[in-house]
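>>> Need coordinates for the below:
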Amino acid sequence: MSNIPDNLKYSKEHEWVEVRDDGTVRIGVTDYAQSSLGDIVYVDISQSDEIAQGDSIGNIESVKTVSDIYAPIDGDIININEAINDDPVKVNDDPYGEGYLLEVKPTEPSQLDDLLDAKAYQELLDSL
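Numbers count the residues shown, from 1 in each chain. I've put the predicted structure just below:
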């Protein structure tokens, strides 16, 4: 069973979104995604200024495969977690903390309402 924190929102592509007090969001890959990928060896986040919902924003490489990372919402990138470039294993060890991927200022905050809550995300995982 995967770790699915109640305070986060989830995409069907296995990204999580944490809405922060200042209205920005932090984005990462879920515990399910990182465990499915296996040992992560490299993370590449696009160096653009903005992301668009559903578009690939980079990829994550494990010893098994390379997988796209998809933007769960539209937004302006305000920070990319450079620490995972030096130590991509943080994504495996702490996917909801130090292993986050980027921080974004949403440009369409209503898109957050379309993401899954923890219960709906668990139901998605149960159906796989």
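
>>> tell me the contacts of the residue sitting nearest the centre point of the chain?
Nearest to the geometric centre of the chain sits Gly28, at 2.4 Å (Cα atoms, centre = their mean). Gly28 makes contact with 15-16, 91, 95-96, 99-101, according to Cβ atoms under 8 Å, 6 or more residues apart in numbering. Every C-beta, even on glycine, is put in place using the N, C-alpha and C of the backbone.

>>> quick one, phi psi at the residue lying closest to Ile4 once chain neighbours are set aside?
Excluding the flanking residues, the one nearest Ile4 by Cβ to Cβ, 6 or more residues apart in numbering is Ala118, at 4.7 Å. Phi and psi for Ala118, reported as degrees, to the nearest 10, are phi -60, psi -40.

>>> same thing with Leu125?
According to degrees, to the nearest 10, Leu125 has phi -60, psi -40.

>>> That one reaches Tyr32, doesn't it?
Yes: contact criterion Cβ atoms under 8 Å: Leu125 and Tyr32 qualify, at 5.8 Å.

>>> Please enumerate the helices of the chain.
Ranges of helices in the chain, per DSSP state H, are 31-37, 83-86, 89-93, 118-127.

>>> State the distance from Tyr100 to Gly28.
4 Å (Cβ to Cβ, to the nearest Å).

>>> same thing with Arg20?
13 Å.

>>> Setting aside sequence-adjacent positions, which residue approaches Asn79 most closely?
Nearest to Asn79 is Glu103, by Cβ to Cβ, 6+ apart, at 4.1 Å.

>>> Brilliant, that's me finished.
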